[in-house]
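> coordinates for the following, if possible.
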Amino acid sequence: MPASQSSTPSSAAPFHEAPLGVTTSAWARLWTPFLNDARDIVFVNLALTMTLTVWPAAALVFYLGRSGQFQWWMAPLYWVFIGYFFMDRFILMLHCVSHRPLFSRKYRFLNNYIPWLVGPFVGETPEAYFVHHIGMHHKEANLLGDLSTTMTFRRDKLTHWLRYWGRFMTIGLVDLARYHVRKNNPKLLRRLIAGEGGFWLVTGLLAWFVSLPATWVVFWIPVLMIRTLMMAGNWGQHAFVDPEAPDNDFKSAITCINTRYNRRCFNDGYHIIHHLKPSLHYSQMADEFDKNRELYGKQDAIVFDGFDFFEVWFLLMTGQKKSLARAFVRLPGAPDRSEQDVLDLIERRMARFPTRAVG
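This next block holds a predicted model:
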């Protein structure tokens with residue numbers, strides 16, 4: 001029987017599930033004076049790789065569009081290219097460098113490179129992520145004041161997720177701007193307006209003067225793609241909320257271990273730790289979880305072995321809760337549960353909260 005199905009804890013999560021950047025090479029040493037943390041050379045490498053590959057691919061699409069040689073069958077090739085190789089890794093790189101600025105104070109202007117010059121080519125508009133995630137989500141912690149809260153939805157119903165997705169995609173930015181007006185955050189509001197306004201102005205000009213089809217392919221469709229991914233991921237991260245303790249991070253978020261996603265995306269699966277210690281370096285998360293398994297157990301946290309957030313979302317949308325129950329990790333200090341008990345726990349923590357407030 002797999003460890004995650006037994007009454008004993010699963011095997012220890014691999015230390016540093018996400019590979020560290022090599023910090024001893026000549027290349028890494030070259031960048032060390034510029035970085036706040038030498039371990040983050042991996043983000044420099046990823047950003048430069050995207051610059052050297054995604055920019056030329058986007059330029060080719062615009063060239064074909066401008067010259068009249070573009071065919072719509074080419075579009076999925078571009079989307080598969082950015083989606084398979086970069087989109088998930090970019091989101092979590094942006095996540096990491098939003099919490100822990102990549103470049104040191106002396107070179108802080110370089111921190112604009114990733115959100116402004118790389119992000120738009122995979123659908124991430126400048127500044128919106130930071131203003132939403134750092135300026136709102138972490139302050140509200142999925143409670144009713146969080147514009148992306150899952151609490152007021154039934155998390156195993158596709159119709160509820162579609163409503164959740166639809167609100168975010170249509171008036172989400174308006175809600176975010178109003179939130180920062182109410183909270184008297186003019187600096188964040190200016191960043192949001194500058195990033196969104198700049199993105200849509202520049203891409204609108206490209207559509208008008210260069211190529212409308214290329215603009216759809218390179219910029220506008222990826223916005224829909226990446227925002228959909230973020231909404232599915234957030235839904236999975238906060239699908240199970242204890243109705244008696246929604247403000248307890250152990251009981252309002254989940255942790256996913258032993259996944260390809262953690263290895264690709266900088267241990268993002270350790271979401272409980274992230275809410276408890278938002279500035280903890282991704283390379284320390286697996287160790288931090290392993291050292292605190294008993295605390296997680298006593299807090300009755302939900303941990304899944306082998307599934308990532310997007311798979312959790314998919315399993316919920318397709319009614320496969322038994323698969324989740326089989327992946328549930330029995331932690332030391334937690335109640336001894338049968339598979340049916342785990343299913344009951346999952347059901348209880350998907351209960352819909354009655355009201356929505358955004359104050």
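> who are the packing partners of the helix or strand where residue 27 lies?
Here residue 27 sits within helix 26-31, counting by DSSP states H and E. The elements that helix 26-31 packs onto, with contact taken as 3 or more C-beta pairs under 8 Å, 6 or more residues apart in numbering; DSSP states H and E, are helix 41-66. C-beta coordinates here come from the backbone N, C-alpha and C atoms, glycine included.
> pLDDT averaged over the helix it packs on - what is it?
For helix 41-66, the mean per-residue pLDDT is 98.
> domain map for this structure?
Domain assignment of the chain by automatic domain parsing yields the ranges 3-15+239-348, 26-141+159-223.
> quick check: which of the ones you listed is buried the most?
domain 3-15+239-348 (a mean of 19; mean count of other C-beta atoms under 10 Å).
> mean pLDDT lowest where, among the domains of the chain?
Across those, the lowest-scoring stretch is domain 3-15+239-348, with a mean of 91.
> what's the neighbour count on the closest residue in space to residue 313 that isn't next to it in sequence?
Distances taken as C-beta to C-beta, 6 or more residues apart in numbering place residue 236 nearest to residue 313, at 4.0 Å, with adjacent residues excluded. Residue 236 is flanked by 27 other residues according to other C-beta atoms under 10 Å.
> what helix or strand does residue 236 sit in?
Counting by DSSP H and E, residue 236 is found in helix 221-237.
> now that helix: buried residues?
Within helix 221-237, the residues that qualify as buried are 222-223, 225-227, 229-237, counting by 16 or more other C-beta atoms under 10 Å.
> excluding its own residues, what touches it? List them.
Applying C-beta atoms under 8 Å, 6 or more residues apart in numbering, the contact partners of helix 221-237 are 75, 79, 82-83, 87-88, 91, 121-125, 148, 150, 155, 161, 164-165, 168-169, 253-254, 271, 308-313, 316.
> what do you get for stretch 109-120?
34, 43, 47, 50-51, 54, 90, 93-94, 97, 101-103, 124-127, 129-130, 195, 199, 203, 219.
> what about 6 Å?
Outside stretch 109-120, the residues within contact range by C-beta atoms under 6 Å, 6 or more residues apart in numbering are 47, 50, 97, 101-103, 126, 199.
> and the end-to-end length of it?
18 Å (C-alpha to C-alpha, to the nearest Å).
> do the same with stretch 145-161
Note: stretch 145-161 ends 18 Å apart using C-alpha to C-alpha.
> could you do stretch 237-247 as well?
15 Å.
> any idea how far the helix or strand encompassing residue 189 is from the middle of the chain?
Per DSSP H and E, residue 189 falls inside helix 186-209. Computed by C-alpha atoms, centre = their mean, to the nearest Å, the chain-centroid distance of helix 186-209 equals 22 Å.
> show me what the next helix or strand after it is packed up against.
Note on helix 186-209: by DSSP H and E, the next helix or strand toward the C-terminus is helix 212-215. For helix 212-215, the packing partners by 3 or more C-beta pairs under 6 Å, 6 or more residues apart in numbering; DSSP states H and E come out as helix 41-66, helix 186-209.
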